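>>> could you work out the structure for the sequence below:
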Amino acid sequence: QDLSRRIELAPGKDELHQMAQTFNTMLDQIEASMEREKRFSSDVSHELRTPVAAIMAESEYAGTYVESVDEAKESFRTIHGQSKRMALLIQQLLELARLEKPDAVQKETIDWVHVTEDALQDYRLLYDQHGTTLTTKVLPDSALVLGNAVLLQRALGNLLDNALKFAHSSVSLTLEDRG
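The predicted structure is shown next:
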């Protein structure tokens with residue numbers, strides 16, 4: 001049951017020592033694999049919580065308060081966008097789980113302002129539902145960075161999740177060029 005235990009032997013080079021070393025190496029690999037699996041499960045549940053909450057909040061709002069076809073269409077667009085985000089997150093998480101090295105993450109030039117605004121759109125409804133004010137100031141109009149849009153959006157999402165969890169009444173996010 002305890003994968004952290006290892007076979008301890010005095011120094012030696014005979015077959016028994018080689019076999020013990022092989023078992024210890026195998027246990028190291030199994031333990032690392034189990035840790036990666038636990039982390040993956042934790043990441044999946046954490047990352048999917050926000051889009052699921054947004055879908056639930058938007059569908060509840062639409063079912064209770066929508067009074068026109070245009071309002072319903074807007075709610076469906078939000079739900080569809082969150083569903084697409086969940087599918088992309090699942091794809092990214094599966095890719096990350098398969099990666100042996102973090103260097104294998106594909107990077108490209110992306111607009112950090114656009115990534116930030118996409119994340120904020122997802123969180124505004126959640127903050128409203130929670131009764132927390134989300135104040136944002138996003139300047140300049142564009143900020144190009146080399147990175148992975150989904151992973152950067154996840155990082156910002158983690159910050160916004162934690163801010164929502166621990167804020168008493170309001171959260172302020174400012175992105176500005178300090179050039």
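>>> quick one, helices of this protein?
15-65, 69-98, 112-130, 149-166 (DSSP state H).
>>> would you turn the ones you listed into CSV with mean neighbour count, distance to Ser142 and mean pLDDT?
All C-beta atoms are positioned from the backbone trio N, CA, C, and that covers glycine. Shown next, in CSV, are the helices of the chain (neighbours: other C-beta atoms under 10 Å; distance: least, C-beta to C-beta, whole Å; pLDDT from 0 to 100):
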stretch, mean neighbour count, distance to Ser142, mean pLDDT
helix 15-65, 14, 25, 85
helix 69-98, 15, 22, 82
helix 112-130, 17, 6, 83
helix 149-166, 16, 14, 84
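>>> tally of neighbours for Leu173?
Around Leu173 there are 17 other residues, counting by other C-beta atoms under 10 Å.
>>> give me the distance between it and Leu159.
Counting by C-beta to C-beta, to the nearest Å, the gap between Leu173 and Leu159 amounts to 8 Å.
>>> follow-up on the earlier one: could I get the helices of the chain as TSV with distance to Leu3?
Compiled in TSV, the helices of the chain are given as follows (distance: least, C-beta to C-beta, whole Å):
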stretch	distance to Leu3
helix 15-65	4
helix 69-98	19
helix 112-130	37
helix 149-166	28
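>>> so which of those gets nearest Ala143?
Among the helices of the chain, helix 112-130 comes nearest to Ala143, with 4.4 Å by C-beta to C-beta.
>>> what does that closest one contact?
With contact meaning C-beta atoms under 8 Å, 6 or more residues apart in numbering, helix 112-130 is reached by 50-51, 53-54, 57-58, 61, 78, 82, 85, 133-134, 136, 138, 140-145, 147, 149, 152-153, 156-157, 160, 164, 171, 173, 175.
>>> go on, stretch 27-35?
With C-beta under 8 Å, 6+ apart as the contact definition, stretch 27-35 has outside contacts at 3-6.
>>> which one of these sits closest to Val105?
In terms of C-beta to C-beta, no member of the contacts of stretch 27-35 lies closer to Val105 than Leu3, at 27.9 Å.
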